[in-house]
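Enquirer: just need the structure, nothing else, for what follows:
(chains A and B)
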Amino acid sequence: MADAKALKNKTIITVATTGAWPKKKDNPNVPMTPEEIAEDVYECWKAGAAVAHIHMRDDDGNGIMDPVRFKKTYELIRAHKDCDIIVNMTTSGDIHADDEIRVAHVKELKPEMASYDCGSMNWLNSGLFINSPKFLEDCGHLFQELNVKPEIEAFDPGMIANAAYYIKKGVLKTPVHFQFCMGCANGITGTMKNLVFMKEEAEKLVGAENFTWSCFGVGHSAMEMLYGAVALGGHIRVGMEDNVLYSKGVLADSNKQFVERAVRVIKEYGREVATPAEAREMLNLPPFQA
Amino acid sequence: MTWGAQYMCYVCNKCSKKYKYAVDLIGEFGEDFGKCPECGSDGKLTHEGPVSPETSEYEEVE
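Expert: Alright, predicted model coming up:
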């Protein structure tokens, strides 16, 4: 077990390989099938990712909350016996899925982590992304029962306040882990000022000792949020769920490419990339059992 | 669950140039958001969406 001081200099890289939306027509390198996603995750782990946030797609490339595909992907990832990456499964991979199907795979597979979107919002100016109070309460209790660590996705400061409410209510248990989602349409914009505000808001509402945090920026804010997370001592998420472009006008070759860039930035800054084992300690997860 | 930057795509009312602005930069552009980068005229909003083949023919204003 590493000492706490050594872990303070570690940055966790999460790779969000696929998401629910970008298709091959948007970037032919987005992994879609269980086989593609599992191999992509393995490559990203070798490059330095400690956590893989995964979504599933149907045969037409649409987001789907299919327990069978989640299971197949999970098994393919774990078939790599040397790979101890933390698997974080979405509960929000299809805005039309009902509450039961959104957690069916979590109940069956009991992943180490799963996403917990801490409020509702208009989605892409065209639909509704509903996370009702009942869903969030049931989901929080379920995660505690199954020992699944919620990755609390906060698209705006109100979702941090909502998390604080659920902590007080016992629905969420500290230490919690936030994912600050920066620059998404209808969410908080991805600026350094806003990232600092999100962090400080979490410190005020939840208590600095009661949470860890990561962030990502979509589009223009991707690099600013990467550097910001490293400079502020947070953790970082990268990948084609959030950005199909590697740089202006240039499609990403792979998710590994994003992970490799994050590794370079972290090392250049003077920090170190957390291994999955170190990430488990920092996120208060039990040691990996193959 | 996310999907990259969202764009508002325009065709200029005056010079017919096709261009787009990312919605996360509304605060940065302010009153100029939506204006043609060539002639400064207003444009007609024709499409909204993420990075995709449908929006690639529109020049990004930065």
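
Enquirer: excluding chain neighbours, give the residue nearest to whichever residue of the stretch 1-150 of chain A sits closest to chain B in space.
Expert: Nearest to chain B in the stretch 1-150 of chain A, going by CB to the nearest CB, is residue A:21, at a distance of 3.6 Å. No exception for glycine: its C-beta is placed from N, CA and C like everyone else's. Nearest non-adjacent residue to residue A:21, counting by CB to CB, 6 or more residues apart in numbering or on different chains: residue B:3, 3.6 Å away.

Enquirer: contact partners for the one you found?
Expert: A:19, A:20, A:21, A:22, A:124, A:218, A:241, A:242, B:50 (CB atoms under 8 Å, 6 or more residues apart in numbering or on different chains).

Enquirer: which element, helix or strand, includes the residue nearest in space to the middle of chain B?
Expert: Among the residues of chain B, the one closest to the centroid is residue B:20, at 1.8 Å (CA atoms, centre = their mean). In this assignment (DSSP states H and E), residue B:20 forms part of strand B:18-22.

Enquirer: ok, is that strand in contact with chain A or not?
Expert: Yes. Interface with chain A: strand B:18-22 contributes residue B:22 (CB under 8 Å from any CB of the partner chain).

Enquirer: ok so, going back, the residue of the stretch 1-150 of chain A closest to chain B against residue B:50, yeah?
Expert: Yes. The criterion here is CB atoms under 8 Å, and residue A:21 meets it with residue B:50 at 7.1 Å.

Enquirer: for the residue in chain B that chain A sits nearest to, what are its contacts?
Expert: As assessed by CB to the nearest CB, chain A sits closest to residue B:5 within chain B, at 2.5 Å. Going by CB under 8 Å, 6+ apart, residue B:5 touches A:183, A:185, A:218, A:219, A:220, B:22, B:23, B:24, B:50, B:51.

Enquirer: check what pLDDT it gets.
Expert: Reported pLDDT at residue B:5 in the predicted model: 84.

Enquirer: what do you get for residue B:37?
Expert: pLDDT, residue B:37: 97.

Enquirer: how about residue A:166?
Expert: Reported pLDDT at residue A:166 in the predicted model: 97.

Enquirer: neighbours of residue A:105, how many?
Expert: Residue A:105 has 25 neighbouring residues, counting by other CB atoms under 10 Å in any protein chain shown.

Enquirer: next: the one 3 residues further on.
Expert: Counted with other CB under 10 Å, the burial measure for residue A:108 works out to 13 neighbours.

Enquirer: tell me how many other residues crowd the closest residue to it other than its chain neighbours.
Expert: Take residue A:108 and drop its neighbours on the chain: the residue closest to it by CB to CB, 6+ apart is residue A:67, 5.5 Å away. Using other CB under 10 Å, residue A:67 has 17 other residues around it.

Enquirer: now swap in residue A:132 and tell me
Expert: 12.

Enquirer: contacts only, for it.
Expert: Counting by CB under 8 Å, 6+ apart, residue A:132 makes contact with A:99, A:120.

Enquirer: so what pLDDT did it get?
Expert: 97.

Enquirer: follow-up on the earlier one: where does the residue nearest to residue A:21 land in three-state SS?
Expert: On the three-state scheme (DSSP: H, G, I helix; E, B strand; the rest coil), residue B:3 is labelled coil.

Enquirer: ok, now how distant is residue A:193 from residue A:228?
Expert: Applying CB to CB, to the nearest Å, the value for residue A:193 to residue A:228 is 10 Å.

Enquirer: what about stretch B:34-41 and chain A, any contact?
Expert: No. Stretch B:34-41 stays clear of chain A (CB under 8 Å from any CB), getting no nearer than 14.9 Å.

Enquirer: go through that stretch and flag the buried ones.
Expert: Neighbour counts over stretch B:34-41 (16 or more other CB atoms under 10 Å in any protein chain shown) mark B:34, B:35, B:36, B:37 as buried.

Enquirer: tell me the residues on chain B that lie near chain A, please.
Expert: Selection of chain B residues close to chain A by CB under 8 Å from any CB yields B:1-6, B:22-25, B:27, B:48-53, B:60, B:62.

Enquirer: looking at the stretch 101-250 of chain A, which residue is nearest chain B?
Expert: Closest approach between the stretch 101-250 of chain A and chain B, counting by CB to the nearest CB: residue A:219, at 2.5 Å.

Enquirer: look up the pLDDT of the residue most central in space within chain A for me, please.
Expert: Central residue of chain A (CA atoms, centre = their mean): residue A:53, 5.0 Å from the mean position. Residue A:53 carries a pLDDT value of 98.
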